[in-house]
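Colleague: Sharing a model that was predicted from the sequence below.
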Protein chains: 2
Amino acid sequence: MKLATLDDGTRDGQLAVVSRDLKTAHLADAIAPTLRAALDDWAFIAPQLDALYRLLNEGRHEGQARRPFDFDPARCLAPLPRAARHVQGVTYLNHPELEARANGAELPSAWRDEPPLRERAADGFLGPLQDIVLAREEWGVDFGPGVAVLTGDIAAGATPDAAHGQIRLLLLCNDISLRNLAPGITGSGWDWLAAQPATAFAPVAVTPDELGASWRGGKADLPLRVTSNGNGVGQLEAGEDMAFGFAQLLATLCRTRAIGAGTIVGSGVVSNRAGRRRTPGYASIAEQRWLETIEGGAAVTPFMRFGDMVRIEMLDEAGKSLFGAIEQTFRRPEA
Amino acid sequence: MKLATLDDGTRDGQLAVVSRDLKTAHLADAIAPTLRAALDDWAFIAPQLDALYRLLNEGRHEGQARRPFDFDPARCLAPLPRAARHVQGVTYLNHPELEARANGAELPSAWRDEPPLRERAADGFLGPLQDIVLAREEWGVDFGPGVAVLTGDIAAGATPDAAHGQIRLLLLCNDISLRNLAPGITGSGWDWLAAQPATAFAPVAVTPDELGASWRGGKADLPLRVTSNGNGVGQLEAGEDMAFGFAQLLATLCRTRAIGAGTIVGSGVVSNRAGRRRTPGYASIAEQRWLETIEGGAAVTPFMRFGDMVRIEMLDEAGKSLFGAIEQTFRRPEA
């Protein structure tokens, strides 16, 4: 099923079920007020949401107290505006490898054995069409699409298989970063915080079964499209070059501590290695700049400028938008 | 006022108002179901909680639908079991200075100018009497008392004064860490996560006015007592040697991104420099071990062993417990 959170003036918004084709929606408030509440009691709530989802897809709403309405991503908050916890991994190793090469450094060898993980801010998430509002271009504002999972409860020490069974929903995010404030890949953990403004999310969260056979090995094996000001810059495959699946991320994360329901764990920026016949393009400006540095000695492509727009979308097996699109413009704060 | 969260079987518990002397409590469910809900709408909710607090302290409950009951910390969850966000600073620089000296390293000079900050897990907090349940002694289990603030909304770029005005509540925490899994002070941000099990909190959260004149410069200028298995190990002064007050922590934190209501920001482990006449003792085992290394070449004091108990308490100006005590035993998971 597909779920969205509508802006009703509250901090956590109002839960809605969205049709598979993203055309219609139905309020879920008779089942659970918020996605947070649904995740807290998933075994009880999910079957009820799923029943509503099936009726919605079949266009059946006779006898229901309310009727479906047109789904409008402009009304959406992030599917889970405030998570219980937010952790980010590095799973597309091509991304930090390019950073390391551009800086004459080496990727820490441990990163090839186990996914590096980092705590992130768990709140303040942006909806799919909300602007990126930041005071300075000089901070090096960059986009960075990633896939993320939303989990149920996972016990400390759980196996990858057990953890995999607790993946409730998949998300598509834009992990915005301030590259000129960030430390290098192995930089001190104390230097990251200022470089990480709010993360944005695509309109709907989807259950893994929505991906069909494209959900395999704990990876979303589907195309990712990135455009900047309407120009295609990245044509990536999220199932390729992901060194660790989400089951492994979760098992690493819960080694010394349980994971609570409502935790978001992100893949890090999607990045594909260039093949012989294919240039994947880039999913973050920094990556293009590292390539330019490696190949020509200097970065040429500028970071985002006020007014620049980034669009991020993942396509399902039928070539349709799976999560709906993220479409954000970078602008300065209003005076 | 003083607020606690009682375990009612839900994840966020039930909000209660606690008398100043920590002897009686009154459910606040007619005002707000949870502390989270109260923080989301503080301007409206706080005056109602405060009115109940005054009645409770005066022993007046005629005409109220419910009566006060004996306050029992054993029934408490953490005051805010799941925060919107959790950030930890380093403000008692003596602590990392000792670590640096013991390892023949230098404190990064920037740490003296601005508080280093790090994202922490925002959920899974332990109540004051909940055990520290971890699988292995070899992880180097250590306690670490700190003061923390719970904030309202703070805009990006807010001044220290503006941020200070958004401090809603103060907390006392035990920031448990796995020292043998942790990187050094300037270690990679990717290596911290596994070293940080759940943080525990004292039974009540208090508004800053409860501290009277001891709340000054954004610091809680009060004594902190730490015992291990009943033996006093630390007699500290939380107002001394804190290089940055909470207003400065918050202003640093909101430089590139707004802070949302329900955010916890911690001071890091309290640590006093040894004076001529006074030995403050230690508030974390690691600190004692660094001292032993500096003075004698090797650490002698062991980290926590199964069955060990740590007790942490802060005293108010009258010498009474301000937040109630944290009292935790380290034990292995049940089979």
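Modeller: Sure, I can see it. Numbers count the residues shown, from 1 in each chain, chains lettered A, B, ... in the order given.

Colleague: What is the three-state secondary structure of A:L171?
Modeller: The three-state label given to A:L171 by DSSP: H, G, I helix; E, B strand; the rest coil is strand.

Colleague: Now for it, how many residues are close by?
Modeller: Neighbour count of A:L171, defined by other C-beta atoms under 10 Å in any protein chain shown: 24. Yep, even glycine has a C-beta here, placed from its N, CA and C like the rest.

Colleague: dump the residue contacts of it.
Modeller: Applying C-beta atoms under 8 Å, 6 or more residues apart in numbering or on different chains to A:L171 gives the contacts A:P79, A:L80, A:V147, A:A148, A:V149, A:L150, A:F201, A:A202, A:A205, A:I264, A:F323.

Colleague: Which residue ranges of chain A form helices?
Modeller: A:35-40, A:42-57, A:94-102, A:160-164, A:246-253, A:285-296 (DSSP state H).

Colleague: what about the residue nearest to A:L80 when sequence neighbours are not counted, how many neighbours?
Modeller: Once flanking residues are discounted, A:L80 sits nearest to A:L35: 5.0 Å by C-beta to C-beta, 6 or more residues apart in numbering or on different chains. Neighbour count of A:L35, defined by other C-beta under 10 Å: 31.

Colleague: Now do the spatially closest residue to A:Q248 that is not a sequence neighbour: how many residues are near it, please.
Modeller: Leaving aside its chain neighbours, A:Q248 sits nearest to A:P160 (5.4 Å; criterion: C-beta to C-beta, 6+ apart). Counted by other C-beta under 10 Å, the residues lying close to A:P160 total 17.

Colleague: I figured A:P160 was touching A:A251, is that so?
Modeller: Yes: counting by C-beta atoms under 8 Å, A:P160 does reach A:A251; the two are 4.2 Å apart.

Colleague: shared neighbours of those two, which are they?
Modeller: The contact sets of A:P160 and A:A251 do not overlap (C-beta under 8 Å, 6+ apart).

Colleague: which bits of the stretch 51-200 of chain A sit near chain B?
Modeller: Contact residues (C-beta under 8 Å from any C-beta of the partner chain) of the stretch 51-200 of chain A with chain B: A:82-87, A:90, A:108, A:111, A:116-124, A:134-135, A:139, A:156-157, A:178, A:181, A:183, A:186-198.

Colleague: I'd like to know which of those are part of strands.
Modeller: Among those, the ones falling in strands (DSSP state E) are A:R85, A:H86, A:V87, A:L117, A:R118, A:E119, A:R120, A:L178.

Colleague: Dump the residues you listed into CSV; add neighbour count as well.
Modeller: What follows is those, written out as CSV (neighbours: other C-beta atoms under 10 Å in any protein chain shown):
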residue, neighbour count
A:R85, 26
A:H86, 28
A:V87, 24
A:L117, 25
A:R118, 22
A:E119, 25
A:R120, 21
A:L178, 20
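
Colleague: that older thread, right, and out of the contacts of A:L171, which lies closest to chain B?
Modeller: Using C-beta to the nearest C-beta, A:I264 comes nearest to chain B of the contacts of A:L171, at 10.8 Å.

Colleague: And the pLDDT for the closest one?
Modeller: pLDDT recorded at A:I264 is 98.

Colleague: ok, back up a step: go through the contacts of A:L171 and flag which are in strands.
Modeller: Those of those lying in strands (DSSP E): A:V147, A:A148, A:V149, A:L150, A:F201, A:A205, A:I264.

Colleague: can you tell me which two in those residues are farthest apart?
Modeller: The distance between the two most remote of the ones in strands among the contacts of A:L171 (C-beta to C-beta) is 12.4 Å, for A:V149 and A:F201.

Colleague: one step back: are any of the ones in strands among the contacts of A:L171 buried, and which?
Modeller: Buried members of the ones in strands among the contacts of A:L171, counted by 16 or more other C-beta atoms under 10 Å in any protein chain shown: A:V147, A:A148, A:V149, A:L150, A:F201, A:A205, A:I264.
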